[in-house]
Structure formats: structure tokens, C-alpha cells
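Peer 1: what's the 3D shape of this:
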Amino acid sequence: MVTHNGLMRVFWPSDAPKDSAPGVLVGFRNSESDVFVVAVLQDVELRQVENALLVGTLLRHSPHDIQELLQRCGHSSVRALGCVNPKKPADQSGTDLLTVHTDPSLRFPRLHYPDDALMTMQVIVYDRPHPTRMQYLSLKPITLALGDKTRVAEWDVAFEELERAEERERKRKAHLVEKLKLHRVIAHLPTQKELALPMIIEQVNCSHELNALLQKNIGMIGRRMKRALSVSERVVESANNLWDYIWLVLHYAFRVWIWPIAAQLFIFGLITHRIMGEAVLQVLHWRPGSSDSPALKDISATAQQIDIRLQQSCYWPIQYLTLRRRKVNWESITNSHPEYIRFYNSLWLVANDVIMGIAVGTFIIENASVVAAQVDTIFSTWSVDGLRRMISWLMGWPGGLKLNTELAAFLGDLFLWVIDYWAGCISLLRPHLPALIQIIGFSAFAGATMPISIFSDLVSLLTLHIYSFYVASARIFHWQLTIIISLFHLFRGKKRNILRNRIDSCDYDLDQLLLGTILFTLQFFLLPTVFVFYLTFASARIAVIGLKAALEMGLACLNHFPLFAVMLRLKDPGRLPGGICFELQNTIDTSLNVTGSANSPPTAYVLLKSIPLSLRAMFQPYFDLGDRIRKHYFSPSVLLCLVSGQFVPPIHRRNLYSLQYSMLPANRASIGELWRKLTERSARPSSHVLNGYAAIPLRKDILNGKSRKVT
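Peer 2: Sure, this is the predicted structure:
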């Protein structure tokens, strides 16, 4: 063997046997100094294992094509790596074989290498992820949201400035990172060991199924062919197989005659439901006039909720077919694991929504009259009578503040007249309110989100007069404030240059200054009267926005809460990988046993662990949306709009619901695509694969230990 210095890594499974029984190591050799142990085959000889790997005996009876699993590991075959607890010391000169000793009293194995190999050993102990439980390791955190769409382009004018500011901040940070890279003393290129880490993670994920297959076929090593059955044994076997034959006939009849008809009826019903859902979706997405005009789902919370449920129902068959295809392949292939979590998370949310909706709907239906009376009392007390009393109070001297009596009476009478007219319109709805409450109760059987969304639309409808008062008072206050600022510039001998966006000096005549001073005085003394009305209606508008925001948050939790992911995080963190970490272990006990061994190189023991996805990462979309809302409503520009009486742009409904659409594709599958996926037959393994092993490796690849890399 060629003498070389360096670090040699040996990846060792944590569930490997620790007894003193002899055996053979089987796995991958990624490089001269990188060994990955897949299985420890006990009570077999090294020569027998090499011959079994050569003819494919150890890889027989695999459920799927073994080459597909090996290609994910970056190799075309497994190979014998060395011996475990050999009965006599093996001659390792000129070979790459390892010699490992295990002891039940030690946590980690002891590795031995030829004396002429001057190197340091590093044993990395890993836990096998269980593919049946959908456990796996990943260098990057699992993504719970679909990444096939960009939400930045969908933000409306209210978030346009925020998007530009965030984009500038991202570019600034990226520029600083690039500058930091230039200030490093030495720029180290990634080593081969670092570049091989993704392939090693794939080998860890596939090690469980490979080990199970090798252990299952270990009894075939050196086994003689079975003799043919005698006549009496054949008679007994045929009698035992009679019931199996009857069962096969019944199964054949069900599969050939009953199942195809039932499947076609189910597909026909599913396509019919898809066509009806597509028609409703087209109505909800229809934009009258230009493409910038709002659609029905952008105006109504109920329409938005129906749109979400219909899009989920359109996506569920595609998700189910994707997960069904997973069963015809190795369970170690983890491409569909995030889709599995998204699928069952949406099912759980809908199931919980329906369960809570049934309870809420039953209560509303049984107490429709009481609920209708309470709703009527609340809206009449707060939005009509309470507002009427507040305006009447403002028409006097509210809180001892002396206002302009004539202007206050004019504005108060105007608003009171509108309130009386609105109350008359609402009175026409009052006799039908119990029937409307019952309709809301029946809608709850489709989920608790339906009555919440309908109630949100009712709040918007029944507080329409408050919104009108806010817009009118804000417009009057803003006009008056603009006039006062202009007259103040005139009083100072200034004027605003619109073209240059600045304040310039200007010479005014005496009559202009006198008239401007008089108007400025009048407007200034009338400003408090307008301001108190504007403050009242702005406060009422903020209260309505707060109520609707609480309802929207309830809808967001019921539609998007990562319930299934949180359950997996608590029950089985291995199914939600958030990265990996290496933990150096204390090896004092091992080093004491190794002392005195001439051929035991210095060895470090490291644990390879999976980091589960953090709760912060699960709820990061909620934090992002909350941060955007906070920046919008509590930004200096919004406060300036409130103080100056300018209209505060509300957040578009699609921006509030963008969180709930994150688990849906940007473009839903068409009806033709759904029909094609439902009618196509699943691909079966090709008939030329014998015993699950498609290609027998070359003899030199097994004996010399040079398994071919897959490029």
C-alpha cells in the first residue's frame, strides 16, 4: 500500500452490531480517504461476500431497480470494505481493506490500519433515517411552501414602497457580503471532502434500505440448491394451495370486472366536480373592464374563501397521484416528502375546519333568533345609535372645547341625515335577519371559515356609512389643511414652485396679502371643528379595520396553520430536517483500550446529527406578513397621512391571503391534464430486471474495490 499522510473518514452506522462476532464490512469507497459503511454482515467470510457481490446474490429480491438507488449514492455497486473482529490478523499490505474491532463495553468501534499508512482516522457515526417513517437528512431546511411563484409581483400600491425599500436593503447586504469576501487573507477552495458531503447525505438516506436488502440475502451466501419436491410433497402443497387458488380467482374477478367500473365512475365524478369548480373559479377571477380592475375574490372575503377551497380541491388529486407514484419506487427517494406534508396538512386543516364548523353551525341554527337579536342590538348600538349620540355631542361644546357652532351644526346635521337614511335601509333588512343567520349557520357545515368570512363581509357592508364618513371628513380636513398651508406661505411672502418642488420667494400686492391673511384666520379658527369630526370617524374606521383584521387572522390560522408540521415536529423530528451538525465525542474510554496497539492510528469520533426544523422557521411566513402589515400601518408615511387627512391605502385582500395561497401552485392543473393523469397507468418496472438487479458489476470492481462512480 502506498504510504500517505492525511485524514481518513469512516462513516459508521450507529445501529451496527457491537458484539465480538466476526463479519464483513460492505459499503462505498468514495475516495482513497473516504469510506462509507452501509452494513456489517456477520458470520460470513470476506471471500464469500466478494463472490456474492460479484454475481449479485446479495442484491436479489429487491422491490425496485437497485441501480436507481445506487445511482443516488453515486456508485454502480457496493463493495467489501474490510473485516470486523477477524479470527486471525489479516494481511493488509497492498490492500485498502479495513480491520475493525467492536466490543460491547465500548461506544465506538476501534479501527486498525496498516503500519505504513501514516494518517489520522475520523469515525463519523450516523443514525440511519427510517424511510418507511419518511425520515431523512438534508443539508437545507425543508420547505413547507411551494416555490413555483413569486409573490413580489403581486403586491399592490400599498406595498410598492416597502418592496422597493426591501429590495434596496437586500442589494446593500449582498454588496457588503461581497466586500467582506475581498478582505479575507486566504480564499480556500472547497475540498473534495466538502464537495462530497451532498452525496454522503444521500448515502445516509439510502443506507437503511440497502442494509435491509443485504441482511435479508445474507442467508443465500454459500447455500446449496434445494432439491426437487417429491410426489407426496407436491400433493400436500397442491392441497394447501387450493384455498389460495380460490382467493386468487376472487381477486382476479374483482380486479378485472368490479374495480375498473368503480374506478371509471369515480373518475367521471371527479372530472364533473372539477368542471363545476372551474366554472365557479372563472366567475371568481373575472375582472370586468381592464386587467387592473378587482375581481370578486379581491372584494369579498366569502368569495376569497370559496376560491381557496376550490383551488385546494383542484390540487388534491394531483398531490394524491404524486404520492401514489412514490409507492412504486424506493422509499429513500425523498423528493415527494414536502408534498406529503403539504397534502396532509391541508387535509387536517379542512377536517378540523369542518368539525368546528359543524359545532358552530349547529349552535347558530338552534339559536338563530337569539343570535339575530344580538347581532341587531350590537350593530344598532355601535354603528347607528352610538354614532348618532357621538355626532350630537360634537355639535355642542365637546369636552369644553368651543367649536364653531354653525359649522358644527351643518356637519352634524349632514352626517345625522345620512345615518337616518342608512338606519332606514337597515330596518328593511331586520325582518329577514333570522333567515340570514340560519343561512350562515348552514354555511358553517362547509367549515368554520365560511361563517367567519360571511361575517367579515357583513361587517364591511353594515359599516359602509362609517367608511363614507371617514372619506368625506378626511377629504374636507385635507383640503382645509392644504389651504391653510398655502395661505401661510402667502402670509410669509412665499409660494410653492410645483415644477421644482420647492418653496420660492414671491412678491404679493397689499390687497392679496390682506385677503390671504383674512382667509388664513378664518380657516385656522374653523380647523378644530373639522378636525374633531375627522378624528371621530378616523377612530371608528380604525376600530372597524381592527375587527376585520382579527377576523382575517382567524381565517389565516384556520386555512394555513402548519398543524401537521407541528405535530410531526413534536412526534418525529426526523421527518422535518432543518440541516445537519457534527458533534465531537469524548473518546477517553476508547483511547485507553487502544493504548499499546501499534497499528491503531489516532482516531477522533464524531456524531452526525440531523437538526430538526425550528418552530421559528415553520411560522416565518406569519412573522413576514405581520412585519409587512406593521411597516404599512405604523410607518411614518401612514402616520403623516393620518395627521394630514390623506387617504390611507388599505392592504389589498390578495396580500392578506398570500400566506394561504403559499401551499397552492401558481397555475392550477387544467381539466385535460387532470384527465390525463387519472387515466394513465402507473409505470411498472421493466421485465428485463432480474431479481431487482439490472446490471452485474465487473469482477475487478468487486475484488479490487474500485466501484465505478456515476457521473
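Peer 1: any idea of the mean pLDDT for the lengthiest helix in the chain?
Peer 2: Among the segments of the chain that qualify as a helix by DSSP state H, the longest is helix 510-560. Per-residue pLDDT over helix 510-560 has a mean of 87.
Peer 1: how many residues are close by S62?
Peer 2: 24 (other Cβ atoms under 10 Å). Glycine gets a C-beta too; all of them are placed from N, C-alpha and C.
Peer 1: err, M276, not the other one
Peer 2: 11.
Peer 1: which stretch of helix or strand covers it?
Peer 2: Per DSSP states H and E, M276 falls inside helix 259-285.
Peer 1: state whether G578 and I142 are indeed in contact, as I suppose.
Peer 2: Yes: counting by Cβ atoms under 8 Å, G578 touches I142, with 7.1 Å between them.
Peer 1: name the residues contacting each of those two.
Peer 2: The contact sets of G578 and I142 overlap at L613 (Cβ atoms under 8 Å, 6 or more residues apart in numbering).
Peer 1: what about A165, how many residues nearby?
Peer 2: 12.
Peer 1: and the helix or strand containing it, what does it pack against?
Peer 2: According to DSSP H and E, A165 maps onto helix 160-182. Judged by 3 or more Cβ pairs under 8 Å, 6 or more residues apart in numbering; DSSP states H and E, the packing partners of helix 160-182 are helix 620-633.
Peer 1: the helix it packs on packs against which elements?
Peer 2: Helix 620-633 packs on helix 160-182, helix 510-560, going by 3+ Cβ pairs under 8 Å, 6+ apart.
Peer 1: just the CA atoms of the helix or strand following it, as PDB, please.
Peer 2: Moving toward the C-terminus from helix 620-633, the next helix or strand (DSSP H and E) is helix 636-644. Coordinates of each C-alpha in helix 636-644 appear next as PDB, following Å, rounded to 0.1, in the frame of the first residue of the first chain:
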ATOM      1  CA  PRO A 636     -44.100  57.400   9.200                       C
ATOM      2  CA  SER A 637     -45.700  57.900   5.900                       C
ATOM      3  CA  VAL A 638     -49.000  56.400   7.100                       C
ATOM      4  CA  LEU A 639     -48.900  58.500  10.300                       C
ATOM      5  CA  LEU A 640     -48.300  61.500   8.100                       C
ATOM      6  CA  CYS A 641     -51.300  60.600   6.000                       C
ATOM      7  CA  LEU A 642     -53.500  60.300   9.200                       C
ATOM      8  CA  VAL A 643     -52.300  63.700  10.500                       C
ATOM      9  CA  SER A 644     -52.700  65.500   7.200                       C
END
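Peer 1: same for helix 636-644, what does it pack against?
Peer 2: Partner elements for helix 636-644 (3+ Cβ pairs under 8 Å, 6+ apart): none found.
Peer 1: now that helix: how far from the chain's centre is it?
Peer 2: Taking Cα atoms, centre = their mean, to the nearest Å, one finds helix 636-644 lying 36 Å from the centre of the chain it belongs to.
Peer 1: what angle separates that helix from helix 510-560?
Peer 2: 130 degrees (axes from the mean of the first three to the mean of the last three Cα atoms, to 10 degrees).
Peer 1: what residues are up against the residue positioned nearest the centre of the chain?
Peer 2: Closest to where the C-alpha atoms of the chain average out (Cα atoms, centre = their mean) is L144, at 1.6 Å. L144 sits next to 338, 341-342, 345, 562, 565, 618, 663 when contact means Cβ under 8 Å, 6+ apart.
Peer 1: rewinding a little: got the helices and strands packed on helix 620-633 as CSV, with distance to V459 columns?
Peer 2: Converted to CSV, the helices and strands packed on helix 620-633 look like this (distance: least, Cβ to Cβ, whole Å):
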stretch, distance to V459
helix 160-182, 26
helix 510-560, 6
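Peer 1: tell me the contacts of L551?
Peer 2: 301, 452-453, 455-456, 459.
Peer 1: for T302, see how far away it is.
Peer 2: Going from L551 to T302 by Cβ to Cβ, to the nearest Å gives 12 Å.
Peer 1: who touches both of those two?
Peer 2: 453, 456.
Peer 1: hang on, isn't R326 packed against T334?
Peer 2: No: look at R326 against T334 with Cβ under 8 Å: they stay out of range, at 9.6 Å.
Peer 1: neighbour count for those two, which is higher?
Peer 2: The residue with more neighbours, out of R326 and T334, is T334; 24 against 17, by other Cβ under 10 Å.
Peer 1: so that one: helix, strand or coil?
Peer 2: Following DSSP: H, G, I helix; E, B strand; the rest coil, T334 is assigned to coil.
Peer 1: let's see the pLDDT reported for it.
Peer 2: T334 carries a pLDDT value of 86.
Peer 1: ok, it - contacts?
Peer 2: 134, 136, 138, 205.
Peer 1: ok so, going back, what's the following helix or strand after the longest helix of the chain?
Peer 2: helix 563-571.
Peer 1: now the strands for this structure?
Peer 2: Using DSSP state E, the strands of the chain run over residues 7-13, 23-31, 34-42, 79-84, 98-101, 110-112, 120-126, 494-497, 502-505, 577-584, 603-612.
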